[in-house]
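Visitor: A predicted structure for the sequence below; I have some questions about it.
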Amino acid sequence: MSPDVDSTQVWKLRDSLPSVSGSGEQRVDAVIDELEARGWSSADQFAVRLALSEALENAVEHGNKRDGSKRIGLSIEIDDKRFYASVSDEGSGFRKEDAPDPTLESNIEKSSGRGLFLIRNFMSKVWHNDQGNVIFMEKLSSPKKN
């Protein structure tokens, strides 16, 4: 851990992003920088980068339907043991049971459902609001190896 990081403090980021592919890349980079400064493993950093990038892209593509007049809400909290994020869009939402399972043979060639599958598999916990236009993600840091 770098000497300029106060491990007792919670790092927070709140932002509203344009509904454009890649608009959250700088925010994702800042999150990874913070995780690295706090000593999170490269595997955990990879998991957070992948899940957060997928959630932001899903908000642009599926939530806001690439409508440039709509916004994406982003809220993040990081401490030494926990990453938490919520990503919201202005879309009508979805029902998680309607998302195709990309592991089923009938869905192998469908692109829809892969991002959510990856998010669920790389985060410790994932849930949505009732409307289905906000995703909440939590990742607990892996135990340190001696």
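Guide: Looks like it came in fine.
Visitor: Which strands or helices does the helix or strand of the chain with the lowest mean pLDDT pack on?
Guide: Here the helix or strand of the chain ranked lowest by mean pLDDT, DSSP states H and E is helix 114-122, holding a mean of 90. Applying 3 or more CB pairs under 8 Å, 6 or more residues apart in numbering; DSSP states H and E, we find helix 114-122 packed against helix 42-58, strand 134-140. For glycine as for every other residue, the C-beta is placed from the backbone atoms N, C-alpha and C.
Visitor: Let me have these in CSV, adding mean pLDDT, distance to residue 66 and mean neighbour count as columns.
Guide: Formatted as CSV, the helices and strands packed on helix 114-122 follow (pLDDT from 0 to 100; distance: least, CB to CB, whole Å; neighbours: other CB atoms under 10 Å):
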stretch, mean pLDDT, distance to residue 66, mean neighbour count
helix 42-58, 97, 11, 20
strand 134-140, 98, 18, 19
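Visitor: so can I have TSV of the ones you listed showing distance to residue 64?
Guide: Listed next are the helices and strands packed on helix 114-122 as TSV, based on distance: least, CB to CB, whole Å:
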stretch	distance to residue 64
helix 42-58	10
strand 134-140	13
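Visitor: So the closest residue in space to residue 43 that isn't next to it in sequence: helix, strand or coil?
Guide: What sits nearest to residue 43 in space, not counting adjacent residues and going by CB to CB, 6 or more residues apart in numbering, is residue 142, at 6.6 Å. Three-state assignment for residue 142 (DSSP: H, G, I helix; E, B strand; the rest coil): coil.
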